[in-house]
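>>> dropping the sequence and predicted coords here.
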Amino acid sequence: MILAVALLAGAAIVGFTAPRFLERMTAGQVAPSVVIAWWFATGLSVLLTALSGVVLILVPGHGPARWLLDRVHECWSAMTHGSVPALDDVLGAFGALLIAGALTRFGLAAFRRRSEAIKLHQRQLGLLRLAARRASGDEPLMWLDHGQPLAYSVAGRPSFIVATTGLTDHLSDDQVAAVLAHERAHLRGRHHALTGLADAAASAMPFVPLMRQAPAAIRVLVEMAADSAAAAAHGAETVRSALVRVATGGSPAGALGMADNGVELRLSRLARASRPRPWLSAGALAATVVAAPALPAVVGIGLFAVTSTFYCPM
Amino acid sequence: MQGLGELETAVMEVLWRDPGPQRVRDVLDALNTERDLAYTTVMTVLDNLHRKGWVSRERDGRAYRYVATRNREDAVANALRALLDSAKDPESVLLRFARSVSPRESEVLRRALDDTAADQ
């Protein structure tokens, strides 16, 4: 029971506090791919840790009862003079129901989102056949005759990039190349799938801030990742100036502000862009793989270890 | 506005090139300079286009004669507008390079760019 509660507490703490740290990482110098990895690894580990906690509550005695935990348990029993009957069962059933509901919703949302993406892809292709010129060569690039500078990518089979002639009118050749490199990075990095996963997680567990904030955060992060891919090929300053030109290029205000776009964050990151250090990113990524999955369990068990040593020193 | 499939686009191109009423046979002949399609295939495509409102038809003896209901320019303009609208959609499944911002925000952005350019 103690271990189970520790795991649940750890999952809750990480689920509620992690977004603040991840946002700081997003605003800082950490590579966007590393922050994306952190976000997904933390989300998955929160879910799995909570699941383990619920399983331990429902199946008592089968958990790994180590010496330390036994001591903590004894301490806990001594502290609480008899527990409320059947609390475990109520808590366990509630937790199991919550997690089963979340997993079902996740599956449904992922499915809905995927069929939406397929429908959009079909519709885009149908309209583009009429309105667009296909770029020569193998590149899946479609040109629209329109004055407003615009570029976007659509995932599917085949994936493709759509750009307007306004882009070539308002931007230099280098800047256009940078924008197209940015869109190619989206397709290569499967960024559409990542945002879809985040959307599904958010609609499955909107009560966990880590999940609720994922869609907006991942959208900014994939833009940053694509920016840095474009910057690696065409220079950060080129991407920066292209971003300002496209963001301010005509057209009245949309419903979305800068915070939603992350344009401001992206600009400041591009301004600070240092030379890429692949070994640093690789190291950070490795650290993510090790640290993020263990985080909720470590936090929860650590919390109980600290409290129990404080209240009843062994 | 609904877009068109690949074959539907090819059939519409034929009807747009020659605006007079055309039989399935005429469309088939025009298309088969580049490909090898069956008569029934083209007939089905024209039937679908009629159902979707892209073509109108009148009976001529035992066959139909087909005409495009809107010209090429209108169709392209409508498709373009639909594409631009889809790119504005904030919940869209597609990823945009940048969304446009309001004039006030764009002023802030320009100033931010000038400041950092001056710093360097």
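Sure, I can see it. Residues are numbered from 1 along each chain as shown, chains lettered A, B, ... in the order given.

>>> C-alpha from now on. contacts and neighbour counts both.
OK.

>>> outline the domain layout of chain A.
A:1-83+A:277-314, A:118-274 (automatic domain parsing).

>>> and these as CSV, adding distance to chain B, mean pLDDT and mean neighbour count?
Formatted as CSV, the entries for these read as follows, by distance: least, C-alpha to the nearest C-alpha, whole Å; pLDDT from 0 to 100; neighbours: other C-alpha atoms under 10 Å in any protein chain shown:
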stretch, distance to chain B, mean pLDDT, mean neighbour count
domain A:1-83+A:277-314, 16, 78, 17
domain A:118-274, 4, 85, 20
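
>>> for the ones you listed, which one sits closest to residue A:94?
Ranking those by distance to residue A:94, with C-alpha to C-alpha as the measure, places domain A:1-83+A:277-314 first at 8.9 Å.

>>> can you map out the strands along chain A?
Assignment of strands within chain A using DSSP state E yields the ranges A:132-134, A:141-144, A:151-154, A:160-164.

>>> what do you get for chain B?
If you assign secondary structure with DSSP E, the strands in chain B sit at B:55-60, B:63-68, B:95-96.

>>> tell me the most buried of these?
Highest mean neighbour count among those (mean count of other C-alpha atoms under 10 Å in any protein chain shown): strand B:95-96, with a mean of 24.

>>> show me what that strand packs onto, helices and strands only.
Contacting strand B:95-96 under the criterion 3 or more C-alpha pairs under 8 Å, 6 or more residues apart in numbering or on different chains; DSSP states H and E are the following elements: strand A:151-154.

>>> the strand it packs on pairs with which strands?
On the basis of DSSP bridges, the sheet neighbours of strand A:151-154 come out as strand A:160-164 (antiparallel), strand B:95-96 (antiparallel).

>>> columns distance to residue B:10 on top of the domains of chain A, output as TSV?
Listed next are the domains of chain A as TSV, based on distance: least, C-alpha to C-alpha, whole Å:
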stretch	distance to residue B:10
domain A:1-83+A:277-314	43
domain A:118-274	10
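
>>> residue B:62: which of the ones you listed is closest?
Ranking the domains of chain A by proximity to residue B:62 (C-alpha to C-alpha) places domain A:118-274 first, at 31.9 Å.

>>> what distance separates the closest one from the middle of the whole chain?
Mean C-alpha position of domain A:118-274 versus that of the full chain (C-alpha atoms, centre = their mean, to the nearest Å) differs by 17 Å.

>>> just the helices in chain B please.
Secondary structure of chain B (DSSP state H): helices located at B:6-17, B:24-31, B:39-52, B:72-88, B:103-119.

>>> export these to JSON lines and append columns for distance to chain A and mean pLDDT.
As requested, the helices of chain B are exported to JSON lines (distance: least, C-alpha to the nearest C-alpha, whole Å; pLDDT from 0 to 100):
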{"stretch": "helix B:6-17", "distance to chain A": "7", "mean pLDDT": "91"}
{"stretch": "helix B:24-31", "distance to chain A": "17", "mean pLDDT": "91"}
{"stretch": "helix B:39-52", "distance to chain A": "13", "mean pLDDT": "93"}
{"stretch": "helix B:72-88", "distance to chain A": "5", "mean pLDDT": "86"}
{"stretch": "helix B:103-119", "distance to chain A": "5", "mean pLDDT": "63"}
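
>>> follow-up on the earlier one: closest to residue A:41 out of the strands of chain B?
In terms of C-alpha to C-alpha, the element of these nearest to residue A:41 is strand B:95-96, at 22.9 Å.

>>> the strands of chain A: which one's closest to residue A:290?
Here strand A:151-154 is closest among the strands of chain A (C-alpha to C-alpha), at 33.0 Å.

>>> now residue A:53: closest residue in space that isn't a chain neighbour?
residue A:4 (4.2 Å; C-alpha to C-alpha, 6 or more residues apart in numbering or on different chains).

>>> do the same with residue A:23
Counting by C-alpha to C-alpha, 6+ apart, the nearest residue to residue A:23 once its immediate chain neighbours are dropped is residue A:217, at 7.8 Å.

>>> now the angle from the lengthiest helix in chain A to helix B:72-88?
Of all the elements of type helix in chain A, the one with the most residues (DSSP H) is helix A:87-131. Computed with axes from the mean of the first three to the mean of the last three C-alpha atoms, to 10 degrees, the direction of helix A:87-131 lies at 150 degrees from that of helix B:72-88.

>>> figure out how far helix A:87-131 is from the centre of its chain.
Centre to centre, stretch against its chain (C-alpha atoms, centre = their mean), the figure for helix A:87-131 is 16 Å.

>>> quick one: list the elements packing against it.
helix A:32-58, helix A:191-204, helix B:6-17, helix B:72-88.

>>> hmm, who's touching the third one?
Residues lying outside helix B:6-17 but in contact with it, judged by C-alpha atoms under 8 Å, 6 or more residues apart in numbering or on different chains, are A:126, A:129-130, B:22, B:27, B:30-31, B:42, B:45-46, B:49, B:66-68, B:71-72.

>>> can you do 10 Å?
For helix B:6-17, contacts defined as C-alpha atoms under 10 Å, 6 or more residues apart in numbering or on different chains pick out A:125-127, A:129-130, B:3-5, B:21-22, B:24, B:26-28, B:30-31, B:41-42, B:45-46, B:48-49, B:54-55, B:66-73.

>>> buried ones from those, can you make that a ChimeraX selection?
This is how ChimeraX selects the buried members of these, with burial counted by 16 or more other C-alpha atoms under 10 Å in any protein chain shown:
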select /A:125,126,127,129,130 /B:3,4,5,21,22,24,27,28,31,42,45,46,49,54,55,66,67,68,72
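
>>> residue contacts, residue B:80?
A:127, A:128, A:130, A:131, A:132, A:144, A:145, A:146, B:74, B:86.

>>> show me the contacts for the second one.
In other words, residue A:128. Residues in contact with residue A:128 (C-alpha under 10 Å, 6+ apart) are A:122, A:134, A:142-144, A:162, B:3-4, B:76, B:79-80, B:82-83.

>>> residue A:33 is in contact with residue A:221, isn't it?
Yes: in this structure, residue A:33 is within contact of residue A:221 by C-alpha atoms under 10 Å, at 7.6 Å.
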